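1. Here is the input, now give the coordinates:
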Amino acid sequence: MATHFELQLEELKRQLITMGSLCEKAISFSAKAVQGSAKEYAPQVFETDKMIDSKEREIENLCIRLLLHQHPVARDLREVSAALKMVSDMERIGDQAADIADLSVYIEKNPAAGQLGIGQMADITVRMVTESIDSFVKNDLILCQKVIRDDDLVDERFNSIKEKLAELIYGGNLEAKTGLDFLMTAKYLERIGDHAVNIAEWVEYSLTGVHKSNEHHLT
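-> Okay, the predicted model is just below:
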């Protein structure tokens, strides 16, 4: 029979899955908002961000209860500690999706969105967030290391978008202000990818006891 701590740990994983799915929705909604549906999807991003904030507080309280009222062994302690770090990154993902939604009202229905590949970049970041959470739930070291490697794909997309924006602006096919809004959208997506990497690296720590220094210390 499972101990009370084990049951609570399973509940923690379920709550993380829920928060992760909210993050996925926020990113997907924000990408749709930018690509021409701001009026429909931007409000959904803001509402989802509020739900993410609420879930963060709920998970933090559960983690604190586990740490204060139980006596976890080293591996369990690492899992709970990693979860606390993960929810912080997940909350920031929600914030950055909301930042994209804010920009969407200025650039919706601009044909450049399709040319730039914003939707494809969003798809990659959604997958990274999903897989980073899955790696924690499944204790899957290979999957979390895949997320870390996939950050290169996001960086490549970001660099490609920068180059295309420069061509459009210098060619007189896009206003500089709109180009900057698109660039900021891509930058927020790149940061979301970085947060997914942070989550994966905390999963790696929970499984191995080693947290590698990384370049994704974000606020």
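2. all contacts plus neighbour counts: C-alpha atoms, from now on.
-> Will do.
3. How much space separates S88 from D53?
-> Going from S88 to D53 by CA to CA, to the nearest Å gives 10 Å.
4. Kindly indicate whether R127 is helix, strand or coil.
-> When classified by DSSP: H, G, I helix; E, B strand; the rest coil, R127 comes out as helix.
5. likewise N110?
-> coil.
6. residue contacts, it?
-> Taking CA atoms under 8 Å, 6 or more residues apart in numbering, we find N110 in contact with Q35, G36.
7. That one and L165, how far apart?
-> Taking CA to CA, one finds N110 at 13 Å from L165.
8. before we move on, what about D155?
-> 15 Å.
9. ok, those two, which is more surrounded?
-> When neighbours are counted by other CA atoms under 10 Å, L165 comes out ahead of the other of D155 and L165, with 24 against 19.
10. My read is that the more buried one contacts D181, right?
-> No: the criterion here is CA atoms under 8 Å, and L165 misses it with D181 at 10.5 Å.
11. Any idea which helix or strand in this structure has the lowest mean pLDDT?
-> helix 112-116 (a mean of 82; mean pLDDT, DSSP states H and E).
12. Now do the buried residues in that helix.
-> Across helix 112-116, burial judged by 16 or more other CA atoms under 10 Å covers A112, A113, L116.
13. Could you pull out the strands in this protein for me?
-> Counting by DSSP state E, the chain has no strands at all.
14. one step back: closest one to K138 out of the buried residues of helix 112-116, please.
-> Set against K138, the nearest of those by CA to CA is L116 (34.9 Å).
15. For the closest one, give me its contacts.
-> Shown in contact with L116 (CA under 8 Å, 6+ apart): S160, I161, K164, L165.
16. for the record, mean pLDDT for stretch 56-69?
-> For stretch 56-69, mean pLDDT is 90.
17. And for S30, nearest residue in space, chain neighbours not counted?
-> Nearest residue to S30, sequence neighbours excluded (CA to CA, 6 or more residues apart in numbering): A101, at 5.1 Å.
18. Could you report the neighbour count for the one you found?
-> Quick note: A101 (other CA under 10 Å) scores 29 neighbours.
19. Now do the nearest residue to Q44 once chain neighbours are set aside against E167, distance only.
-> Distances taken as CA to CA, 6+ apart put F29 closest to Q44, at 6.9 Å, once the chain neighbours are dropped. Relative to E167, F29 is positioned 28 Å away (CA to CA).
20. what do you get for H211?
-> Using CA to CA, we find H211 at a distance of 41 Å from E167.
21. next one: N198
-> Taken as CA to CA, the span from N198 to E167 is 33 Å.
22. Skip the chain neighbours and tell me the closest residue to T178.
-> Per CA to CA, 6+ apart, closest to T178 is I107, 6.4 Å.
23. Now do the same contact list for S28.
-> A122, D123, V126.
24. For these, could you give me CSV that also reports pLDDT, neighbour count and distance to A33?
-> As requested, those are exported to CSV (pLDDT from 0 to 100; neighbours: other CA atoms under 10 Å; distance: CA to CA, whole Å):
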residue, pLDDT, neighbour count, distance to A33
A122, 90, 27, 12
D123, 91, 17, 14
V126, 90, 24, 15
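25. of those residues, closest to S81?
-> Proximity of these to S81 (CA to CA) peaks at V126, which lies at 23.8 Å.
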